[in-house]
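Visitor: no sequence on hand, only this structure:
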């Protein structure tokens, strides 16, 4: 009986090994799949070169960061929030020190170097200031006090107007169209409603002192914009275009009933718009469709 049991066990072990060998022959290992995208010498995927062209600086408050879609919303004073794309090519700095992209977050106030990538706005670099003792601001002049030599600017870098002292070293100059720049510029331009960009720093007493003020528009001034439409909403009467001459983004208000041609406009179309600045916004006085791309 013991000899019979031993033979049964040995037969079972032989049968089990034979079955395992058969299964291994019927189940070959899956073949390796080759990647179909370019890679660097380290084996990691490579990114395309950053878009080329003239860049522009946008300042504002980062409202929201979406790391899944690689995009952020930037609140710019006097304009709609702007969607800006970014990726691993984007360099991020906090107070001048390079930081990882993952540390980019909402509520940071930033100066962003941007460039057009097709119809999208792409961030080449993002400079975050953790304090407002020095930096840049863009906004509308609220008031100018000649007794204190102080200008108040409504800007998104602060819930209250930014108050800057004007000194003999403060540079005040117009920028934009030749006709606008040709007019005399100075303290007289700092009237309520004037659009400005300002750079400032703190002095030894802790006062914010304007180093340079660039006047973009004064109430009553007329402008001619050449550019491609990036946004159009006839219901709200808003047209947004980017002028290739300076890569600036302009919001222009219009009445669709006054301009029948506006019904045929669409995003990406090249247009010429004459507008007057009324101290709050640009109001279109004429619109024409360009037969060729806007001049650079």
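Guide: That came through fine. Since this is a predicted model, take the numbers as computed values, not measurements.

Visitor: per-residue pLDDT, the residue most central in space within the chain?
Guide: The chain has residue 84 as the residue nearest its centroid, 4.1 Å off, counting by C-alpha atoms, centre = their mean. Per-residue pLDDT puts residue 84 at 94.

Visitor: from what I can see residue 273 touches residue 289, true?
Guide: No - using C-beta atoms under 8 Å, residue 273 is not in contact with residue 289; the gap is 10.4 Å. From N, CA and C alone the C-beta is placed, and that goes for glycine too.

Visitor: who has more neighbours out of those two?
Guide: residue 273 (23 against 12; other C-beta atoms under 10 Å).

Visitor: still on that earlier bit, could you say which helix or strand holds the residue nearest to the centre of the chain?
Guide: strand 82-85 (DSSP states H and E).

Visitor: flag every buried residue along that strand.
Guide: Buried residues in strand 82-85, counted by 16 or more other C-beta atoms under 10 Å: 82, 84.

Visitor: now do stretch 167-184
Guide: Buried-residue list, stretch 167-184, by 16+ other C-beta under 10 Å: 170, 172, 174, 176, 180.

Visitor: kindly indicate which of those lies nearest residue 160.
Guide: Residue 160 lies nearest to residue 170 out of these, by C-beta to C-beta, at 21.1 Å.

Visitor: was I right to think the closest one contacts residue 211?
Guide: Yes - if you go by C-beta under 8 Å, residue 170 and residue 211 touch, sitting 6.6 Å apart.

Visitor: compute the distance between residue 154 and residue 237, please.
Guide: Residue 154 is 23 Å from residue 237, where distance means C-beta to C-beta, to the nearest Å.

Visitor: how about residue 260?
Guide: 14 Å.

Visitor: looking only at neighbour counts, state which of those two leads.
Guide: Just comparing residue 260 and residue 237: by other C-beta under 10 Å the higher neighbour count belongs to residue 237, 18 against 9.

Visitor: helices of the stretch 151-296 of the chain, start to end?
Guide: 178-182 (DSSP state H, counting those that start in this stretch).

Visitor: which sections of it are below the confidence cut-off?
Guide: Low-confidence segments of the stretch 151-296 of the chain, defined by pLDDT under 70: 156-159, 204-206, 292-296.

Visitor: now residue 99. Its backbone dihedrals?
Guide: Dihedral pair for residue 99: phi -130, psi 160, per degrees, to the nearest 10.

Visitor: surely residue 58 meets residue 111?
Guide: Yes - if you go by C-beta under 8 Å, residue 58 and residue 111 touch, sitting 7.5 Å apart.

Visitor: just confirm residue 102 is within a strand.
Guide: No - counting by DSSP: H, G, I helix; E, B strand; the rest coil, residue 102 falls outside a strand, being helix.

Visitor: that one contacts residue 86, doesn't it?
Guide: No - the pair residue 102 / residue 86 is not scored as a contact, 11.7 Å apart, by C-beta under 8 Å.

Visitor: is it correct that residue 165 is in contact with residue 152?
Guide: No - between residue 165 and residue 152 there is no contact under C-beta under 8 Å: 11.1 Å.

Visitor: so residue 286 bridges to which residues?
Guide: residue 274 (DSSP bridges).

Visitor: who's in contact with it?
Guide: By C-beta atoms under 8 Å, 6 or more residues apart in numbering, the residues touching residue 286 are 259, 273, 274.

Visitor: ditto for residue 242
Guide: 116, 227, 228, 230, 248, 249, 250.

Visitor: out of the residues you listed, which is nearest to residue 196?
Guide: Distances from residue 196 to these, taken by C-beta to C-beta, are shortest for residue 248, at 13.9 Å.

Visitor: burial measure for the closest residue to the closest one other than its chain neighbours, as a count.
Guide: Residue nearest to residue 248 in three dimensions, not counting chain neighbours: residue 56, with 6.2 Å by C-beta to C-beta, 6 or more residues apart in numbering. Residues near residue 56, counting by other C-beta under 10 Å, number 17.
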